[in-house]
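In: Make a model of this:
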Amino acid sequence: MSDTIDYGNLMHCAMRGLIQNVLEGIAKNGLPGLHHFFITFDTLHPDVEIADWLSDRYPEEMTIVVQNWFENLNVTDEGFAITLNFGDNPEPLYIPFDSLKTFVDPSVEFGLRFETQEDETSQETDDAAKETSGENVVGIEGTAKPATAPQEEDAEPDDKPHEDAEVVSLDSFRK
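Out: Model (predicted):
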């Protein structure tokens with residue numbers, strides 16, 4: 001038994017499970033609304049199965065888009081198979097979850113990034129700088145948003161267009 005809890009590995013397992021659940025729902029019911037995915041994966045992973053011409057063109061990593069046309073989406077505990085159209089040429093792919101680098105659904109500004117041990121070491125300085133500057137990294141590398149307070153679960157969505165903020169002096173509320 002280890003002296004520490006491997007939170008990084010536990011988070012990666014949980015995030016891969018989330019992607020598996022999402023893809024299983026898509027395989028069963030199709031893509032709802034405007035949802036679509038950008039999925040980047042390591043083409044050098046030993047269990048990735050792509051056409052030779054794709055691995056020649058994308059020797060290290062590849063980003064696929066799951067949106068308008070896809071077929072044969074089959075999700076397992078280890079990964080997913082899908083057929084995508086590349087220039088009117090349908091190609092079957094098998095992508096293990098362990099090969100994933102990013103998973104992004106831009107329709108709802110949701111993204112996950114999986115880092116290898118090498119990436120984590122090289123980005124520790126960058127992450128520390130972002131934490132001290134008040135930024136919270138979400139989604140794809142290089143995408144940052146200002147940190148915001150979490151919304152209440154009971155809060156109803158505001159359907160009105162947002163207007164410019166108005167500065168109000170607290171003196172007007174004092175007695």
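In: Is it correct that residue 15 falls within a helix?
Out: Yes - under DSSP: H, G, I helix; E, B strand; the rest coil, residue 15 falls within a helix.
In: Can you get me a residue count around it?
Out: Residue 15 has 16 neighbours, counted by other CB atoms under 10 Å. All C-beta spots, glycine's among them, are computed from the backbone N, C-alpha and C.
In: Isn't it up against residue 112?
Out: Yes - in terms of CB atoms under 8 Å, residue 15 counts as a neighbour of residue 112; the distance is 5.1 Å.
In: what residues do those two have in common as contacts?
Out: Counting by CB atoms under 8 Å, 6 or more residues apart in numbering, the contacts common to residue 15 and residue 112 are residue 103.
In: where along the protein do the strands fall?
Out: Using DSSP state E, the strands assigned to the chain run over residues 37-42, 61-66, 70-75, 79-85, 90-96, 100-105, 110-113, 135-137, 144-146.
In: and residue 53, which of those strands is closest to it?
Out: For residue 53, the closest of the strands of the chain is strand 90-96, at 8.7 Å, according to CB to CB.
In: got the angle between that closest one and strand 37-42?
Out: Between strand 90-96 and strand 37-42, the angle comes out at 70 degrees (axes from the mean of the first three to the mean of the last three CA atoms, to 10 degrees).
In: how about strand 90-96: buried residues?
Out: Using 16 or more other CB atoms under 10 Å as the test for burial, strand 90-96 gives 93-96.
In: Ok, stretch 10-28 next?
Out: For stretch 10-28, the neighbour count (16+ other CB under 10 Å) marks 12, 15-16, 19-20, 22-23, 26-27 as buried.
In: that older thread, same list as before, the buried residues of strand 90-96 that is, but in a markdown table and with distance to residue 64 included.
Out: Output for those, formatted as a markdown table (distance: CB to CB, whole Å):
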| residue | distance to residue 64 |
| --- | --- |
| 93 | 7 |
| 94 | 12 |
| 95 | 8 |
| 96 | 14 |
